[in-house]
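K.L.:
Let me see the structure of the following:
(chains A, B, C and D)
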There are 2 protein chains.
Amino acid sequence: MIIDAAERLVAQGGTAAANAREIAAAIGYTPGTIYNHFANLDDLIRHVTARTVDGLATALSSVSETDPVRQLHAMADAYIAFTTKNRRLWAAAFEPLAKASATREAWYRATLERPLALLQDALKPLDPGASEEERRVAALSTWGALHGVVTLVEGDGRIGRLDAAPAPEMVHFLIDCVIAGLAARRKSARRNGRS
Amino acid sequence: MIIDAAERLVAQGGTAAANAREIAAAIGYTPGTIYNHFANLDDLIRHVTARTVDGLATALSSVSETDPVRQLHAMADAYIAFTTKNRRLWAAAFEPLAKASATREAWYRATLERPLALLQDALKPLDPGASEEERRVAALSTWGALHGVVTLVEGDGRIGRLDAAPAPEMVHFLIDCVIAGLAARRKSARRNGRS
DNA sequence: GACGATATTGAACACCGTTCAATAATGGTG
DNA sequence: CACCATTATTGAACGGTGTTCAATATCGTC
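P.N.:
Numbers count the residues shown, from 1 in each chain, chains lettered A, B, ... in the order given. As a prediction, the model looks like this:
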């Protein structure tokens, strides 16, 4: 319930709008109550972020193309669609923590792993020879690439809104690059006498 | 002089440590003075960020390998080295603005363009047939990819510090992907009967 | 030395996250 | 039902923040 209210406020006005007094007012309580259920505001917003990440994972998992290349591109589109639709929620996920919050709790790490696992699965058919470790690196690199482009093109930090092509086009370019990169790796691995 | 002090404080303790009273104390003035020279704190930190971006551009421009592929990888290394060495300054560049600051002034946009232009030049030999526009997209995508990986692996926001290979390895993987992607594009362009 | 322009001040304002003793509501037990 | 222990909620307070602005000090120039 508290998380609901916080989520709504962040979605509307960013973390700045989701202050203790506003959240409390939104649910008819007083600020003190929040601190009986969460260690601090960062902790609360982290729960909001967990939901957001879960939402991304759901959005990504609802993509199901048969062709691996199409699948990857469709996931990239879903990623862009989700992050632009939930702009402020997504931005909140990357804001600095005032106090080092407990971002290492098992349940929270597991949440962050979900979208990563989906990406990893999608990459599998494109690089069948790779180890789990290699695939994880590829998946994280790909996620990072998507994230970075969105930040640079759509983000409104001190660096951001750099003039360029629309984000989807750039992201598709990068996806094609990753596909080409994986293909090149397979080829060179075969040349060096691997399985 | 104000910028100097702010830069030092951000480098040491992040933007949280660079508050008006601390900055003023560091230079022997009072908070009010800062507001005679800058519209607000965001504006001041933006000047700090401009310096940081300039520093990155300088770091990137000092890379000069003869082989284009080596050049790109060396630039990626320089990027990682710079952003990890100046962790807090770099993080400040992507923090949200409290009040929509004037991030669109010409001199500021020009500063942001500097590292991008260097990347664009480095990409030139790898995709000689591309238009300026295409190259800009490629450069921005590449920057985004680097940025995203660093954020995911080294960032300490609510999403960040995801377990993976060290950032340099992942970044080199991505650079190889971009190179492969550009090569693939050249090939397909030639196949389709281009110059 | 006097005067206008400029720079600096410091106290105040509104707001923030957070704490905690006091208070209210709750629920199980005889 | 009455009782009490447990739990939840409160609201006032504290120290901190960015920011403003009339009053003050400093400076350059004639």
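K.L.:
for residue A:164, what are its contacts?
P.N.:
Neighbouring residues of residue A:164 by Cβ atoms under 8 Å, 6 or more residues apart in numbering or on different chains: A:152-153, A:170, B:136-137, B:140. In short, each C-beta sits where N, CA and C put it, glycine included.
K.L.:
no, scratch that, I was asking about residue A:103
P.N.:
Contact criterion Cβ under 8 Å, 6+ apart gives A:46, A:97, B:156, B:158, B:160-161 as the residues in contact with residue A:103.
K.L.:
I'd like to know which of the contacts of residue A:164 are part of helices.
P.N.:
Among the contacts of residue A:164, the members found in helices (DSSP state H) are A:152-153, A:170, B:136-137, B:140.
K.L.:
Is it possible to get TSV of these that adds pLDDT and distance to DNA strand D?
P.N.:
Shown next, in TSV, are the ones in helices among the contacts of residue A:164 (pLDDT from 0 to 100; distance: Cβ to the nearest atom of the strand, whole Å):
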residue	pLDDT	distance to DNA strand D
A:152	94	25
A:153	92	26
A:170	94	33
B:136	93	34
B:137	93	35
B:140	95	30
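K.L.:
Outline the domain layout of chain A.
P.N.:
Chain A breaks down into these domains under automatic domain parsing: A:1-37, A:47-191.
K.L.:
any chance of these in a markdown table, with distance to residue B:76 too?
P.N.:
Formatted as a markdown table, the entries for the domains of chain A read as follows, by distance: least, Cβ to Cβ, whole Å:
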| stretch | distance to residue B:76 |
| --- | --- |
| domain A:1-37 | 32 |
| domain A:47-191 | 12 |
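K.L.:
what's the helix or strand bottoming out on mean pLDDT in chain A packed up against?
P.N.:
Least confident element among the helices and strands of chain A, by mean pLDDT, DSSP states H and E: helix A:167-191 (a mean of 91). Under the contact criterion of 3 or more Cβ pairs under 8 Å, 6 or more residues apart in numbering or on different chains; DSSP states H and E, helix A:167-191 touches helix A:68-85, helix A:132-154, helix B:132-154, helix B:167-191.
K.L.:
what angle sits between that helix and helix A:68-85?
P.N.:
Between the axis of helix A:167-191 and that of helix A:68-85 there is an angle of 150 degrees, by axes from the mean of the first three to the mean of the last three Cα atoms, to 10 degrees.
K.L.:
Quick one: name the residues of chain A near DNA strand D.
P.N.:
Chain A has residues A:24, A:28-33, A:36-37 near DNA strand D, with proximity defined as Cβ under 7 Å from any atom of the strand.
K.L.:
so can I have TSV of those showing secondary structure, neighbour count and pLDDT?
P.N.:
Below are these laid out as TSV (DSSP: H, G, I helix; E, B strand; the rest coil; neighbours: other Cβ atoms under 10 Å in any protein chain shown; pLDDT from 0 to 100):
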residue	secondary structure	neighbour count	pLDDT
A:24	helix	17	95
A:28	coil	8	93
A:29	coil	15	94
A:30	coil	11	94
A:31	helix	14	94
A:32	helix	9	93
A:33	helix	15	95
A:36	helix	8	94
A:37	helix	12	93
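K.L.:
so how far is residue B:145 from residue A:175?
P.N.:
11 Å (Cβ to Cβ, to the nearest Å).
K.L.:
Neighbour count for those two, which is higher?
P.N.:
Shown here are residue A:175 and residue B:145; by other Cβ atoms under 10 Å in any protein chain shown, residue B:145 has more neighbours (31 against 22).
K.L.:
from the contacts of residue A:164, which single one is nearest residue A:9?
P.N.:
Proximity of these to residue A:9 (Cβ to Cβ) peaks at residue A:153, which lies at 26.0 Å.
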